[in-house]
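Asker: Generate a structure from the sequence data that follows.
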Amino acid sequence: MDFGHALVKLNGVLVKRPYFVMALPYSDAFFVQMFERESTEFVWEGHVRAFEYFGGVPWRISYDNAKTLVRKINGVHQRELTKSFQQLESHYLFDHHFCTIRRGNEKGIVEGGVKYVRLNFMVPVPRVGSLEELNEQLIVKCREDLERKLRGKGLPKVQLLVEDKAHFRPLPATPFDACLKQSTTATSLSLVRFDTNDYSVPSEYAHHPVVVKGYIDRVDVFFRDKQIATHNRLWGKEGTTFNPVHYLAILEGKPGALDHARPLEDWNLPESFPLLRRRMEGMEKFHGEGTREFIKTLRLLEKYSFSRLARAVKKAVGMEIYTRDAVAQLLYPREDFRLTTFSLAGRDHLRRVQVARTDLSAYRELMLTGCES
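Answerer: Model prediction:
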């Protein structure tokens, strides 16, 4: 296993990013993924994806002496492993081999794979909107490369890979959880800090101890065993990401701060939402509390998805009903009328029941009797 580096045009910006390569010496099959950096969680994720791609775990893997894997070098072949690499190795039960210092030729297969990928997969420079988009393309290229015949063996790689896989360990029943975990405490601003960046949590968890799980694409926050927040992972420094819904409970008590709250600065709501707010604020029935009623409507996002609430708000505005409860009614699932249709199937005894035809004259007599009294 090794990392290479290549240029990629990401959202129109030319950047240099590392790519993970795992190669099998016998079949020369390889697996490639490009990541944001070479840190621990990316090393983990690369292994997880590679083992799933190959359909098993090799008995031994050769590495260079990267700091994410080796904590200390004690001699030619003696290594003190990092705790993170020990966790990965103990989960998949493979053995390791670390190359002698400045002897990259000891893993020449993957060194050649890194060069082959750079020249054949990264030229011309890929133009993509995200690294995951590029990684999907790289998987396709890896599978296409399996059809290439290996020189000296006369067989395509895909056939040789079958022999490789016959000697693999099976994948464990539970996938490795490729994330960094950190215990911390939410601040008074309902923020938790992870890897120098801040992420919001619901205001009710301010000052509470939480556990943060940092994956390569997201950050999940847990209070005890309950997941209370998830955000896209920030890779800059000292950034902050808010979920506006986390602060609505506080704003309900301070509706005047709705237009000035920092967590809501970049919240672009569909046009039906501002219209609903104006209508609520103009209704006398709310006695000047229309803004609070609007915030209560937004708090439905604590239970329902944004797309569902947006449809309900748009429908409510179209029907000219401007209350939180009315919007909530539109969110409740409607019962399928077909489930309420009565059927005689399996109820043969009811077929013998005879119901007399209604005599409407009896109702006329009842009405006349009522008038006389």
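
Asker: would you list every one of the strands in the stretch 201-350 of the chain?
Answerer: Per DSSP state E, counting those that start in this stretch, the stretch 201-350 of the chain carries strands over the ranges 209-214, 218-223, 226-232, 240-241.

Asker: Who are the contact partners of Asp18?
Answerer: Let me fix one detail, which is that residue 18 is Pro and not Asp. Listed by CB atoms under 8 Å, 6 or more residues apart in numbering, the contact partners of Pro18 are 3-5, 34-35, 37-38, 42. Just so you know, the C-beta spots here come from the backbone N, C-alpha and C atoms, and that holds for glycine as well.

Asker: Might you list the low-confidence residue ranges for the stretch 51-200 of the chain?
Answerer: Filtered on pLDDT under 70, the stretch 51-200 of the chain yields the residue ranges 102-108.

Asker: Just the CA trace of the helix or strand harbouring Glu52, in CSV.
Answerer: Applying DSSP states H and E as the criterion places Glu52 in helix 40-54. Taking Å, rounded to 0.1, in the frame of the first residue of the first chain, the C-alpha atoms of helix 40-54 are listed here in CSV:
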residue,chain,number,x,y,z
THR,A,40,-5.3,8.6,9.8
GLU,A,41,-9.0,8.6,8.9
PHE,A,42,-8.0,8.5,5.2
VAL,A,43,-5.6,5.6,5.7
TRP,A,44,-8.4,3.8,7.5
GLU,A,45,-11.0,4.6,4.8
GLY,A,46,-8.6,3.5,2.0
HIS,A,47,-8.1,0.1,3.6
VAL,A,48,-11.9,-0.4,4.2
ARG,A,49,-12.7,0.4,0.6
ALA,A,50,-9.9,-1.6,-0.8
PHE,A,51,-10.8,-4.8,1.2
GLU,A,52,-14.4,-4.4,0.1
TYR,A,53,-13.3,-4.0,-3.5
PHE,A,54,-11.1,-7.1,-3.5
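
Asker: buried ones in it?
Answerer: By neighbour count with 16 or more other CB atoms under 10 Å, helix 40-54 contains the buried residues 40-51, 53-54.

Asker: swap in stretch 65-75?
Answerer: Neighbour-count burial for stretch 65-75, counted by 16+ other CB under 10 Å, picks out 68-70.

Asker: contacting residues around it?
Answerer: For stretch 65-75, contacts defined as CB under 8 Å, 6+ apart pick out 3, 38-40, 43, 63, 79-82, 84-85, 96, 98-99, 101.

Asker: and which of the buried residues of helix 40-54 is nearest Phe286?
Answerer: Glu41 (48.9 Å; CB to CB).

Asker: In contact with that closest one, which residues?
Answerer: Glu41 makes contacts with 178-180, 214-216, as judged by CB under 8 Å, 6+ apart.

Asker: Would you format these as a markdown table with neighbour count included?
Answerer: Shown next, in a markdown table, are those (neighbours: other CB atoms under 10 Å):
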| residue | neighbour count |
| --- | --- |
| Ala178 | 22 |
| Cys179 | 18 |
| Leu180 | 17 |
| Gly214 | 21 |
| Tyr215 | 16 |
| Ile216 | 21 |
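
Asker: now, which of the residues you listed sits nearest Asp348?
Answerer: Looking across the contacts of Glu41 and measuring by CB to CB, the closest to Asp348 is Tyr215, at 59.3 Å.

Asker: Let me see the contact set for that closest one.
Answerer: 41, 45, 178-179, 233.

Asker: Please apply the same query to Ala206.
Answerer: Ala206 neighbours (CB under 8 Å, 6+ apart): 186-190.

Asker: Drop anything exposed from those residues.
Answerer: Buried among those by 16+ other CB under 10 Å: 186, 190.

Asker: Dump the contacts of Ala206 into a markdown table; add secondary structure and distance to Lys237 as well.
Answerer: Converted to a markdown table, these look like this (DSSP: H, G, I helix; E, B strand; the rest coil; distance: CB to CB, whole Å):
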| residue | secondary structure | distance to Lys237 |
| --- | --- | --- |
| Ala186 | coil | 21 |
| Thr187 | coil | 18 |
| Ser188 | coil | 23 |
| Leu189 | coil | 19 |
| Ser190 | coil | 21 |
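
Asker: that older thread, for my notes, please list the strands of the stretch 201-350 of the chain in a markdown table and give mean pLDDT and distance to Asp164 for each entry.
Answerer: Shown next, in a markdown table, are those (pLDDT from 0 to 100; distance: least, CB to CB, whole Å):
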| stretch | mean pLDDT | distance to Asp164 |
| --- | --- | --- |
| strand 209-214 | 97 | 33 |
| strand 218-223 | 97 | 33 |
| strand 226-232 | 97 | 37 |
| strand 240-241 | 96 | 43 |
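
Asker: For this protein, which segments count as helices?
Answerer: Along the chain, the segments classed as helices by DSSP state H run 40-54, 83-92, 108-120, 131-145, 157-165, 248-253, 272-281, 290-298, 306-318, 324-331, 361-372.

Asker: Make sure Tyr53 is actually in contact with Phe31.
Answerer: Yes. If you go by CB atoms under 8 Å, Tyr53 and Phe31 touch, sitting 4.8 Å apart.

Asker: ok so, going back, turn the contacts of Glu41 into TSV, columns for distance to Leu150.
Answerer: Formatted as TSV, those follow (distance: CB to CB, whole Å):
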residue	distance to Leu150
Ala178	31
Cys179	37
Leu180	38
Gly214	39
Tyr215	36
Ile216	32
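
Asker: Out of these, which comes closest to Ser361?
Answerer: For the contacts of Glu41, the nearest to Ser361 is Tyr215 (76.9 Å; CB to CB).

Asker: Any idea what the residue nearest the centre of the chain is bridged to?
Answerer: Centroid-nearest residue in the chain, with CA atoms, centre = their mean: Arg218, separated by 6.5 Å. Arg218 forms beta bridges with Asn232, as assigned by DSSP bridges.
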